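Trainee: build me a model:
(chains A, B, C and D)
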Protein chains: 4
Amino acid sequence: MEHVFPSREPKSRPTSRPTHECGICGIYGHEDAAKLTYFGLYALQHRGQESAGIVSGNGQNMYLHKDMGLVPEVFTEANLQRLTGHLAVGHVRYSTTGESSIINTQPFMVTHQGIPLAVAHNGNLVNSLDLRNHLEKKGSIFQTTMDSEVVIHLMARTMHMGLTKAIKESFACIRGAYSLLLMTPDTMIAVRDPNGFRPLCLGRLADGAYVVASETCALDLITAEYVRDIEPGEVVIINKDGLESIFPWSPRRKSYCIFEQVYFARPDSDIFGTNVYAVRKRMGEILAREAKIDADFVMPFPDSGNYAAIGYSQASGIPLEMGMIRNHYVGRTFIQPSQAMRDFSVRVKLNPVGSLLKGKRVIIVEDSIIRGTTGRSRVKALRDVGAKEIHMLVSCPPTRHACYYGIDFPTTTQLIASTKNLEEITEYLGLDSLTYLSLEGLVEATGLPKDNFCLACFDGNYPVAPDLSFTKDALGGCGCG
Amino acid sequence: MEHVFPSREPKSRPTSRPTHECGICGIYGHEDAAKLTYFGLYALQHRGQESAGIVSGNGQNMYLHKDMGLVPEVFTEANLQRLTGHLAVGHVRYSTTGESSIINTQPFMVTHQGIPLAVAHNGNLVNSLDLRNHLEKKGSIFQTTMDSEVVIHLMARTMHMGLTKAIKESFACIRGAYSLLLMTPDTMIAVRDPNGFRPLCLGRLADGAYVVASETCALDLITAEYVRDIEPGEVVIINKDGLESIFPWSPRRKSYCIFEQVYFARPDSDIFGTNVYAVRKRMGEILAREAKIDADFVMPFPDSGNYAAIGYSQASGIPLEMGMIRNHYVGRTFIQPSQAMRDFSVRVKLNPVGSLLKGKRVIIVEDSIIRGTTGRSRVKALRDVGAKEIHMLVSCPPTRHACYYGIDFPTTTQLIASTKNLEEITEYLGLDSLTYLSLEGLVEATGLPKDNFCLACFDGNYPVAPDLSFTKDALGGCGCG
Amino acid sequence: MEHVFPSREPKSRPTSRPTHECGICGIYGHEDAAKLTYFGLYALQHRGQESAGIVSGNGQNMYLHKDMGLVPEVFTEANLQRLTGHLAVGHVRYSTTGESSIINTQPFMVTHQGIPLAVAHNGNLVNSLDLRNHLEKKGSIFQTTMDSEVVIHLMARTMHMGLTKAIKESFACIRGAYSLLLMTPDTMIAVRDPNGFRPLCLGRLADGAYVVASETCALDLITAEYVRDIEPGEVVIINKDGLESIFPWSPRRKSYCIFEQVYFARPDSDIFGTNVYAVRKRMGEILAREAKIDADFVMPFPDSGNYAAIGYSQASGIPLEMGMIRNHYVGRTFIQPSQAMRDFSVRVKLNPVGSLLKGKRVIIVEDSIIRGTTGRSRVKALRDVGAKEIHMLVSCPPTRHACYYGIDFPTTTQLIASTKNLEEITEYLGLDSLTYLSLEGLVEATGLPKDNFCLACFDGNYPVAPDLSFTKDALGGCGCG
Amino acid sequence: MEHVFPSREPKSRPTSRPTHECGICGIYGHEDAAKLTYFGLYALQHRGQESAGIVSGNGQNMYLHKDMGLVPEVFTEANLQRLTGHLAVGHVRYSTTGESSIINTQPFMVTHQGIPLAVAHNGNLVNSLDLRNHLEKKGSIFQTTMDSEVVIHLMARTMHMGLTKAIKESFACIRGAYSLLLMTPDTMIAVRDPNGFRPLCLGRLADGAYVVASETCALDLITAEYVRDIEPGEVVIINKDGLESIFPWSPRRKSYCIFEQVYFARPDSDIFGTNVYAVRKRMGEILAREAKIDADFVMPFPDSGNYAAIGYSQASGIPLEMGMIRNHYVGRTFIQPSQAMRDFSVRVKLNPVGSLLKGKRVIIVEDSIIRGTTGRSRVKALRDVGAKEIHMLVSCPPTRHACYYGIDFPTTTQLIASTKNLEEITEYLGLDSLTYLSLEGLVEATGLPKDNFCLACFDGNYPVAPDLSFTKDALGGCGCG
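Mentor: Residues are numbered from 1 along each chain as shown, chains lettered A, B, ... in the order given. Below you'll find the model as predicted:
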């Protein structure tokens, strides 16, 4: 166990893909609650590969196991068996390339006045530093640098009011994006912020046990039936008396994260009421309407571009090929290649099929362009094997603005579309042409009204002010003071 | 280090897919020989996931590192750096589900009369037990249960004749399939059996270093240029005097393993002179000619069925969809699921997209059917989400006969096609219809004459008698006695 | 990382020896502060074998590494190198046989209001649960079940008063035994309770760096000069302005733990102003005066009985022999022996020399008798090899009362001397005779006045009431409220 | 698993103490054979700390587990349970400071002609390289660089003659020191060379099971009764027909290693018919006769000097003190100390008791002086705390000659007594006087005739010529050819 203090700053991560914060899953009312939660996390692994954890409860005690690593690395038959009880909450956290920090794993758990309390959190609070400062001045000592710990401290100070009132008061202070699960030894509580940034759904197993999960693919794996989404602003309390739903706060405009549809969620999940595969295929169909290109074939960068490429191919009549082959054994760490091996890190993941590409005019379908570095290398790899023309279609508009609600985009200046225009990006990527899907096209593909979404990464309109100034009055007003 | 003696019997492995024996890669003439070999193995990981090893040489000494695990698990910057020298040979070995046995990892290496000698072997000898018994009676002590060790013992007894003659004499005793690399501190030797069962190719780096690898995808990753295939019956000796090619034995009929084209090789490799992707796509095209089916869409079981599915879709005009989503984080070990979770092991790898499949008539393209158990579960998973009709196309004929040349098929009685007829298999799998590609169609897809291939798994005609009786006379005649 | 919540109860440990709580060591003013602290802990390993930890500071940041295990297991060159800075504080903790609990390792560290603060604690607070309840009611969340965490919370609430006043106020609430080190990024503070239960000494390296350690043997190992003991009730603050000594609280009667002299401290340490070896040898000399026994030789149970045995031998003229040989390779975990192996756990540590003992009348010198179980087995092992008479001398009086100040004695009912009289103990141990050193003799051996010591384990007079009732008024009065 | 080839040269080890080659233990006829062997190895740990291994047999199969590390590190309940069967043979090997080499661990085991065969060897063969060369020329391939492997190859080539004859023929070729155990699935064979260099004893458990072990302390731990020593030149074969003893070779002069009595064996063992403790005590008594010195007290360097120091004290009347305290927690690896910490590596193991030594005239009793480096540092440590006069007594004569029979002495030029005279050594060590025990005194202490011992390290008379030239004729004559 090793720590450096203080280190409140998030590590900078040299990723060129947006990385997600987290996925959560909880079970209430099943003797194998921890094991079912484990499988739920397995299905949600794409939402976080840095660490995983599960806390279980049996009405009296709570049992926690968490560690750095993928779900099957963190859990064994032996440690899962120790997580006894009929309710459990699990969490997967995003991957970084730097040092590990086990202290920031979740679920985060404390015992206060003899009562254990745990939280598993997906999202990002915009006023957590202000809240933390306020609480520290009053004598609280924080154990981690996670914004989720603020939730626990606010709850600790209000629990004497009773659970429902504690939730109402604590979350009234909190601004930002959160889909989270709270757990005591006998109760599981699902909370989704009033804007509903992150998805959260409710399911039920054949024997009546409740499931709450970030995406429906977790329900599929454990053969739970999808019941409905947890609503924005809803608090669902599940215990031996059944399920109670309350809406403690005044409603706000919906702000679904559209990037869940573009990139993050699994294509077999239904998110915000629609199937992700179908939405992505429609993006490709709309691209075919918006961008007519003459080419020998269309190909995705697998696997995220697969579905829009299928849509584009079907709508345009241009044949689909799988021009780059994915290496399924690429681990998370590489040994540095030799000097001679140009563009190794691209080819080790996706190797172009030379005989297919040689002399061809190809259209690539990509889900999004963040920094452009990966795309540039991939395009070069296609040129190296002899592709004659390379056109790229992107199934969303240019990403120009940082995200404050739980997606780990690079800073604005690192977003290629915020510093270069279309022509410059085309040249940088080495393309013959580049076409982004229009914002209207993107929204059309989702089948939902535009004002249901947070589109801030495209248009800069932030539904919750990220720099919201925090005042004591505000806190005092929310009862946590 | 733990051993049980004796245990000559191969472990029974409850796999339902054919698993390959091995992949090999060697470099001669580069200061980063071991590192380049490491990357070559990385590209060949699909040919063996049980263990990996590399031996390097600097003209004087040889350095070996090998262990159970995937290539990136076995090697670190630190242990690779200890593998110094200008030549190196590496090996990946197939995966089993049972106990590990580090003693059977490769390259296998000994020091005899002060000279180190190593071998990395892909294939299977049909008379290794006879040879071993003969050698043991003469006082030899074997360290492993690998047939490859016989090669080393034969070489040890003939090395006094000089390297070339030792190879000629030693391999004259050996029957079966082998593409292998031998290495001394200053020489790398590639040997391919006269039938040429397994692929083996020669490449060259820009700076002149030689590369030998099982598949061309290893050349691609290290940006080596493909020169040519090592020929059946050819021995290539590479040392400071350059490359020498000899054909020490009388030629035999070619017997390329057609299953390399059907399933094993990576689609971005060129094998036996043709690109695997193109051959698989043609299989699908020929299937479209041989089997006309009315359906809403065609879908592969990813990823091995992808390319034939594309060929079928393009030739038939039936749209392609990705009806099952692959979970990219599935590890090699699972925790046993709960009772309630039906068909979990299918769904954890491939989750069907319910909203896409519901009420649809679908055609599945599968590369091959071995036991039928996996296919049955997958078909059931499609039924569970509401697929109305399910037709399956298989891009090869029924597999009815065991392989003795290095593919780990189940025994004949476990091959579903050897005990059930078409109708029974169709019913067992829960299909509306099932169509195999014809043997002629399969051969047509490869673009090569039928008599170039070993088709024994389909037609039972074994090019080298697997039970070839071994006699002292034979041995005596080959000079190893 | 695995936890069970709640678990405030200390684990019961089936030890038959008193086990010590902890040892501490700190360095101020040396560029290798962490490494020197490491060696200090090495010398103090006998005071705690469960876990070890070091926190370092460079004026700005603090760096912590701690883990379960012995000092050389916990620290590596690599992790020590990351503990940079000119001051460092280390801790070793006692050994338990049960589950590990990394959460309760020390130094314990938090960041509060942006300021890191760490504590390393030797001793035991008698009112920590009361203080904890009080603080939790005010909203504090505790991370561990250690009494040391109370110190940190009290400090956090008073730090705004300035460091000196914070210490004065915080410790005014605290009752019990504590020799501890506090550390911020630029200051090291040594605190010893007004009774002075546990030892704590000050040393200085040749280059001027300050050392604080539980025992002088830590100074010896790093070649620091012994300066003086930290006084009971003294607070020593060391930072860039030098060393400041304050006595913030009203003085109390000295209560040195006499068991440090009897058993815990290393014989090469000077404790409470006298050398432990010399004191123990005098115990043996006084035993020779108090108990005259006719025997062939006297022998210790090595190594703790060695010094009193030497004293007894020299004073009585009865020869000394080493009748039991210690196995230096006994690890901390055993595989359970077979049924046939009687008294294995005794013999594996101390094997009797049969040819020496056969037919002899022997006197054993033992430092103390706690439960009597180990002694009984050892005596039996001597009988088994043929010892004719076995007399035991114990170099302290009967231990009849529990300790509340940091020594992990069994509960009173498990102390053999609290439930059996001399005759019964003699019989239970299988002895021909048993003689305890008198309390006066014990005190005489130390060379200090009787009222300097806590003798509670022998006479039941507790210097600080262990059940001291905690009231809000008291807290309010100390300024931490 | 990592190897460097070739590396026949033994590693040079910078030890300043003679290190022993090995200890062996075997059990026949007990259902817990492996577990009892484990405890036997535990008692023999002082004879080898580098690696440990056990092979068990159940009449049909053999099971082997071995690894680098101490006995309790190598074995767990789990891996011991897999070593089933009624007979077992174990081995501990000496410690080195360099790289580990698992390939050279023992028991060494092969399967030849379907029959498993294992060997555990204590000693050193003087003609193993010659034998190896001879065998390699005949086609044998060696797996290790251990001389013990030669035994196996010779046995493999003669086993067809039957076990007894195979032993007779195989060992007729072998020259040197060996006490070893051979094992097949149903038979355990103990062999001791005709000179009887290394000890080997036979014991019996209460239920009739046989035990063979290097020293009697192994019998003590498992409560086996000592039966007798295995005689020089004796072969004991134990199987279901009972115990058979044969003497296949012509007798030779006894050559017991006297260093076993001086240093290696445990004091609680009986070796060559006498108790080691008693012999060492007599060495001290004879030293008192040979060297009369006026001093305040005599002290050992613990623990090896303890027994001669007791003898000296009792015979001379000079009091015994324990002037240096051993740190029982010193691990096998150290972090390098700081520059400031002079003579750290001495003090970390043995800390002088300053207040005892200051101003005193002391006599140190040391068992032997090899290089003199350790002794020099220890003497300096005593001077540093103020010892006024330091005299050293050594309980054996000057060690001037290398050992070829299994003791890892430094080379002759590194033995201080082979390059310096008494005066020079006295000065080098920083002593006031230095006295070695006479050779006659040493032999007298053992109670056995002088011609029973190998005294080569003292007098250079080697009982078996270490450079014995090996000829084919010799081999041919022994029937292994």
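Trainee: need the helices for the stretch 251-400 of chain A, in chain order.
Mentor: A:259, A:276-290, A:306-316, A:344-347, A:354-357, A:373-384 (DSSP state H, counting those that start in this stretch).
Trainee: list, one by one, the residues from the stretch 351-481 of chain A near chain C.
Mentor: Counting by C-beta under 8 Å from any C-beta of the partner chain, the stretch 351-481 of chain A comes close to chain C at no residue. For the C-beta atoms, the positions are set from N, CA and C on the backbone; glycine is no exception.
Trainee: any bit of stretch A:367-381 sitting next to chain B?
Mentor: No. On the criterion C-beta under 8 Å from any C-beta, stretch A:367-381 is out of touch with chain B, staying 9.6 Å away.
Trainee: show me what counts as buried in that stretch.
Mentor: Residues of stretch A:367-381 classed as buried by neighbour count (16 or more other C-beta atoms under 10 Å in any protein chain shown): A:367-379, A:381.
Trainee: can you list the domains in chain A?
Mentor: A:3-255+A:469-475, A:274-327+A:344-455 (automatic domain parsing).
Trainee: turn those into a markdown table, including distance to chain D and mean pLDDT.
Mentor: Shown next, in a markdown table, are the domains of chain A (distance: least, C-beta to the nearest C-beta, whole Å; pLDDT from 0 to 100):
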| stretch | distance to chain D | mean pLDDT |
| --- | --- | --- |
| domain A:3-255+A:469-475 | 13 | 87 |
| domain A:274-327+A:344-455 | 25 | 94 |
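Trainee: so which of the ones you listed comes closest to B:Asp186?
Mentor: Relative to B:Asp186, the nearest member of the domains of chain A by C-beta to C-beta is domain A:274-327+A:344-455, separated by 28.5 Å.
Trainee: any idea how far A:Ala308 lies from B:Tyr329?
Mentor: As for A:Ala308, its distance to B:Tyr329 is 22 Å (criterion: C-beta to C-beta, to the nearest Å).
Trainee: the more surrounded of these two?
Mentor: A:Ala308 (31 against 16; other C-beta atoms under 10 Å in any protein chain shown).
Trainee: any idea where the strands of the stretch 201-350 of chain A begin and end?
Mentor: Taking DSSP state E, counting those that start in this stretch, the strands of the stretch 201-350 of chain A run over residues A:201-204, A:210-213, A:225-229, A:235-239, A:242-246, A:256-257, A:270-271, A:274-275, A:297-300, A:324-326, A:350-352.
Trainee: export those strands to JSON lines and append columns for mean neighbour count and distance to B:Thr105.
Mentor: Shown next, in JSON lines, are those (neighbours: other C-beta atoms under 10 Å in any protein chain shown; distance: least, C-beta to C-beta, whole Å):
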{"stretch": "strand A:201-204", "mean neighbour count": "22", "distance to B:Thr105": "45"}
{"stretch": "strand A:210-213", "mean neighbour count": "28", "distance to B:Thr105": "41"}
{"stretch": "strand A:225-229", "mean neighbour count": "14", "distance to B:Thr105": "47"}
{"stretch": "strand A:235-239", "mean neighbour count": "21", "distance to B:Thr105": "51"}
{"stretch": "strand A:242-246", "mean neighbour count": "13", "distance to B:Thr105": "54"}
{"stretch": "strand A:256-257", "mean neighbour count": "26", "distance to B:Thr105": "47"}
{"stretch": "strand A:270-271", "mean neighbour count": "24", "distance to B:Thr105": "45"}
{"stretch": "strand A:274-275", "mean neighbour count": "19", "distance to B:Thr105": "46"}
{"stretch": "strand A:297-300", "mean neighbour count": "27", "distance to B:Thr105": "37"}
{"stretch": "strand A:324-326", "mean neighbour count": "22", "distance to B:Thr105": "27"}
{"stretch": "strand A:350-352", "mean neighbour count": "22", "distance to B:Thr105": "26"}
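Trainee: near chain C, which residues of chain A?
Mentor: A:1-6, A:61-67, A:79, A:82, A:102, A:105, A:109-114, A:116, A:133, A:135-143, A:152-153, A:156-157.
Trainee: list buried residues within these.
Mentor: Buried members of those, scored by 16+ other C-beta under 10 Å, are A:1-3, A:5-6, A:62-67, A:79, A:105, A:109-112, A:116, A:135-136, A:139-143, A:152-153, A:156-157.
Trainee: of the residues you listed, list those near chain B.
Mentor: Of those, not one also sits near chain B (C-beta under 8 Å from any C-beta).
Trainee: now, these that are in helices?
Mentor: Among those, DSSP state H puts A:79, A:135-136, A:152-153, A:156-157 in helices.
Trainee: buried stuff in whichever strand in chain A runs longest?
Mentor: The single longest strand within chain A, with elements called by DSSP state E, is strand A:115-125. By neighbour count with 16+ other C-beta under 10 Å, strand A:115-125 contains the buried residues A:116-125.
Trainee: quick one: end-to-end length of stretch A:186-198, please.
Mentor: End-to-end distance for stretch A:186-198, by C-alpha to C-alpha, to the nearest Å: 26 Å.
Trainee: for that stretch, what is the distance to the chain centroid?
Mentor: Using C-alpha atoms, centre = their mean, to the nearest Å, the distance from the centre of stretch A:186-198 to the centre of the chain it belongs to is 15 Å.
Trainee: so what touches stretch A:155-174?
Mentor: A:110, A:112-113, A:115, A:117, A:125, A:127-128, A:131, A:135, A:150-151, A:154, A:182, A:184, A:187, A:189, A:191, A:193, A:235, A:237, A:246, A:248-249, A:474-475, A:477-480, C:139, C:141 (C-beta atoms under 8 Å, 6 or more residues apart in numbering or on different chains).
Trainee: need the residues of the stretch 1-150 of chain A near chain B, please.
Mentor: Taking C-beta under 8 Å from any C-beta as the contact definition, the stretch 1-150 of chain A meets chain B at A:32, A:35-36, A:38-39, A:42-43, A:45-46, A:49, A:70-73, A:75-77, A:80.
Trainee: among those, which are in helices?
Mentor: A:35-36, A:38-39, A:42-43, A:71-73, A:77, A:80.
Trainee: now the residues you listed: which count as buried?
Mentor: Burial by neighbour count, 16+ other C-beta under 10 Å: within these this picks out A:35-36, A:38-39, A:42-43, A:71-72, A:80.
Trainee: which ones are touching the closest residue to A:Pro251 other than its chain neighbours?
Mentor: Once flanking residues are discounted, A:Pro251 sits nearest to A:Gly233: 5.6 Å by C-beta to C-beta, 6 or more residues apart in numbering or on different chains. Counting by C-beta under 8 Å, 6+ apart, A:Gly233 touches A:192-194, A:196, A:247-249, A:251-252.
Trainee: try A:Leu154
Mentor: Neighbour list for A:Leu154: A:131, A:135, A:169-171, A:173-174, A:480 [criterion: C-beta under 8 Å, 6+ apart].
Trainee: now A:Ile416, what are its backbone angles?
Mentor: Taking degrees, to the nearest 10, you get phi -60, psi -30 for the backbone angles of A:Ile416.
Trainee: my read: it touches A:Thr374, true?
Mentor: No. A:Ile416 lies out of contact with A:Thr374 (C-beta atoms under 8 Å); the separation is 10.9 Å.
Trainee: tell me which residues touch the nearest residue to A:Val330 once chain neighbours are set aside, please.
Mentor: Counting by C-beta to C-beta, 6+ apart, A:Lys349 is the residue found nearest to A:Val330 once chain neighbours are left out, at 5.3 Å. Listed by C-beta under 8 Å, 6+ apart, the contact set of A:Lys349 reads A:326-327, A:330.
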